[in-house]
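Student: Here you go, sequence then predicted model.
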Amino acid sequence: MSMYTAIRAVFYAYYLLIMVRVLMSWIKVGDNHFTRFVYEMTEPVLGLFRRIFPPRPGFALDISPIFAIIALRLIETLLMSL
């Protein structure tokens, strides 16, 4: 496996985890190993963006996943260009 393929796979897996986290926020899921795993893996990045762009009063939508995916995509592109 080339370095290019490995980097792409890691970022793709993390994008999927973020999307699963978004979907889990829309539906009621119980507390289980998978749920905890997804939250523990994504919270460091999403929490960072929530601190930078705090939720606005009266606006219930959490937009931190959008900013996280954009930033991760920029990092991935930068790594691929090296």
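Tutor: Here it is on my side, so go on. Owing to the predicted nature of the structure, the values given are computational and were not obtained by experimental measurement.

Student: and I52, how far is that from A68?
Tutor: Computed with Cβ to Cβ, to the nearest Å, the distance linking I52 and A68 is 10 Å. Every C-beta, even on glycine, is put in place using the N, C-alpha and C of the backbone.

Student: what about those two, which has more around it?
Tutor: Between I52 and A68, counting by other Cβ atoms under 10 Å, A68 is the more crowded of the two (21 against 10).

Student: pLDDT wise, what is that one at?
Tutor: Listed pLDDT for A68 reads 97.

Student: Does it touch P44 like I think?
Tutor: No: assessed by Cβ atoms under 8 Å, A68 is found out of contact with P44, at 10.0 Å.

Student: L79 against A6, yeah?
Tutor: No: assessed by Cβ under 8 Å, L79 is found out of contact with A6, at 10.4 Å.

Student: Between the two, which is the more surrounded one?
Tutor: Just comparing L79 and A6: by other Cβ under 10 Å the higher neighbour count belongs to L79, 14 against 10.
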